[in-house]
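# Sequence first, predicted coordinates after that:
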Amino acid sequence: MLRLIRTKQQHKDTLVRIYKLMQLDLQPDTEESDELEILSMLVKK
């Protein structure tokens, strides 16, 4: 489940998750690719 990033630890954990997702050979329009896109937007803000 996706949540807002409110703490430094959540930010760090999200970056780790983004890194792990980026290591995968993701196909467009999959759950994982959508998760990567959304997490990236959350961290960017």
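Good, I have the coordinates. Residues are numbered from 1 along each chain as shown.

# Find the helix or strand that the most centrally placed residue in the chain is a member of.
Compute the mean C-alpha point of the chain, and by C-alpha atoms, centre = their mean the closest residue is L39, 3.2 Å away. With elements delineated by DSSP states H and E, L39 resides in helix 31-44, which encompasses its position.

# about what we covered before: any idea how far Q23 is from the residue nearest to the centre of the chain?
Remark: distance between L39 and Q23 (C-beta to C-beta, to the nearest Å) = 14 Å. (Glycine included, C-beta is placed from N, CA and C.)

# if we can go back for a sec, so what's the residue nearest to the centre of the chain up against?
Remark: with contacts taken as C-beta atoms under 8 Å, 6 or more residues apart in numbering, L39 is in contact with L2, T14, R17, I18, L21.

# what do you get if the cut-off is 6 Å, keeping everything else the same?
T14, I18 (C-beta atoms under 6 Å, 6 or more residues apart in numbering).

# quick one: pLDDT of it?
At L39, the predicted lDDT confidence score is 95.

# Over to D13?
At D13, the model reports a pLDDT of 96.

# Show me which helix or strand of this protein is least confident by mean pLDDT.
Of all regular secondary-structure elements in the chain, judged by mean pLDDT, DSSP states H and E, the least confident is helix 31-44 with a mean of 94.

# Number of residues surrounding R17?
Around R17 sit 14 other residues, with neighbours defined as other C-beta atoms under 10 Å.

# which residues touch it?
Contacts were defined as C-beta under 6 Å, 6+ apart; by that measure R17 touches no other residue.

# got the phi/psi numbers for it?
When read as degrees, to the nearest 10, the backbone of R17 gives phi -60, psi -40.

# now it: how far from E32?
According to C-beta to C-beta, R17 and E32 sit 10 Å apart.

# Over to M22?
Remark: distance between M22 and E32 (C-beta to C-beta) = 10 Å.

# quick one: secondary structure of the closest residue to E35 other than its chain neighbours?
Closest residue in space to E35, ignoring its immediate chain neighbours: L21 at 6.5 Å, by C-beta to C-beta, 6 or more residues apart in numbering. Per DSSP: H, G, I helix; E, B strand; the rest coil, the secondary structure class of L21 is helix.

# Could you tell me how many residues sit around L21?
Per other C-beta under 10 Å, the neighbour tally for L21 reads 16.
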